[in-house]
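# give me coordinates for this.
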Amino acid sequence: MSQLFGELQPLAWESEFFALPTAIVRLSDDAPLLAASGLDAWQRVQAKIPATRADWLDALQQLGFRLVEGEVDLAITVTQHACPGAVPATEQDIPALRQQAAQAFARSRFRAPWYAPDDSGRFYAQWIENAVKGTFDHLCLVFRAPDGAIEGFVSLRKLSDDEARIGLLAGRGMGEKLMQAALHWAQQQQISTLRVATQMGNTAALKRYIASGGNIESTAYWLYR
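Next up, the predicted model:
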């Protein structure tokens, strides 16, 4: 069996939210030797590795990890973008946003059989609520129909003075407008680079992000044990 070098880090928030003791393996060639016995102390162990590390992929699978999904991370250089009419969500929007997020992200990496059938929806419903309240993501922008109903939303988090990241983005037929809203916000914040990640299998999102100026910077695999 191939040797792996890395460290286990507890994921306290996920452990509590899912009621499932969870840790993540941080692999590094200059880390200590990873003891397989330490993995058994956790009901769920996650690993995220660069897609280029086939050696890590093979070694993790030998330890009982299974591939869950691939991820693509993109970066967009922020230029001048017109204001498309999105507005910040308010706390009165939270119930509707929670429902929409739960439906839009029901098949994430937090899906069954690794988690309970409704866990993925619950997780992203909480994510968008936190974004409206400014915790983790810093805000949520929405487009409203004439009757006030939410047609689409995008959450955003400032990483540094120069960079920000899109968290969640959803709205049928709203992808281009939501990206323009995110980029306009980034321009207002004097952000130079806007980052976004999506599942490798989500070709519609990939096409949208690339059409909005995104360049693929990295690819990764998520595995669970």
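# helices of this structure, residue ranges please.
For the chain, helices defined by DSSP state H occupy the ranges 12-18, 54-62, 94-104, 119-133, 175-188, 203-211.
# kindly reformat those helices as JSON lines containing mean neighbour count and distance to Leu223.
In short, each C-beta sits where N, CA and C put it, glycine included. Formatted as JSON lines, the helices of the chain follow (neighbours: other Cβ atoms under 10 Å; distance: least, Cβ to Cβ, whole Å):
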{"stretch": "helix 12-18", "mean neighbour count": "14", "distance to Leu223": "15"}
{"stretch": "helix 54-62", "mean neighbour count": "16", "distance to Leu223": "5"}
{"stretch": "helix 94-104", "mean neighbour count": "18", "distance to Leu223": "24"}
{"stretch": "helix 119-133", "mean neighbour count": "20", "distance to Leu223": "17"}
{"stretch": "helix 175-188", "mean neighbour count": "20", "distance to Leu223": "29"}
{"stretch": "helix 203-211", "mean neighbour count": "15", "distance to Leu223": "21"}
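# wait, which of those is closest to Val25?
Nearest to Val25 among the helices of the chain is helix 54-62 (7.7 Å), distances taken as Cβ to Cβ.
# which secondary structure elements does the closest one contact?
When contacts are defined as 3 or more Cβ pairs under 8 Å, 6 or more residues apart in numbering; DSSP states H and E, helix 54-62 sits against strand 44-50, strand 214-224.
# pick the most buried one from these.
Mean neighbour count (mean count of other Cβ atoms under 10 Å) peaks for strand 44-50 among these, with a mean of 19.
# follow-up on the earlier one: nearest to Arg225 among the helices of the chain would be which one?
Judged by Cβ to Cβ, the one of the helices of the chain that comes nearest to Arg225 is helix 54-62, at 7.8 Å.
# including distance to Gln103, could the helices and strands packed on helix 54-62 go into a markdown table?
As requested, the helices and strands packed on helix 54-62 are exported to a markdown table (distance: least, Cβ to Cβ, whole Å):
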| stretch | distance to Gln103 |
| --- | --- |
| strand 44-50 | 24 |
| strand 214-224 | 22 |
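# to Ala86, which of those strands lies closest?
Of all the helices and strands packed on helix 54-62, it is strand 214-224 that lies closest to Ala86, at 18.9 Å by Cβ to Cβ.
# which helices and strands sit right next to that closest one?
With contacts defined as 3+ Cβ pairs under 8 Å, 6+ apart, the secondary structure elements packing on strand 214-224 are strand 44-50, helix 54-62, strand 66-77.
# now these in JSON lines, with distance to Glu217?
Output for the helices and strands packed on strand 214-224, formatted as JSON lines (distance: least, Cβ to Cβ, whole Å):
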{"stretch": "strand 44-50", "distance to Glu217": "11"}
{"stretch": "helix 54-62", "distance to Glu217": "19"}
{"stretch": "strand 66-77", "distance to Glu217": "5"}
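# relative to Asp29, which of those is closest?
Of the helices and strands packed on strand 214-224, the one closest to Asp29 (Cβ to Cβ) turns out to be helix 54-62, at 9.5 Å.
# what angle separates the closest one from strand 214-224?
Counting by axes from the mean of the first three to the mean of the last three Cα atoms, to 10 degrees, helix 54-62 lies at 30 degrees to strand 214-224.
# contact partners of helix 54-62?
Contacts made with helix 54-62 from outside it, assessed by Cβ atoms under 8 Å, 6 or more residues apart in numbering, are listed as 1-4, 25, 27, 47, 49-50, 67, 221, 223, 225.
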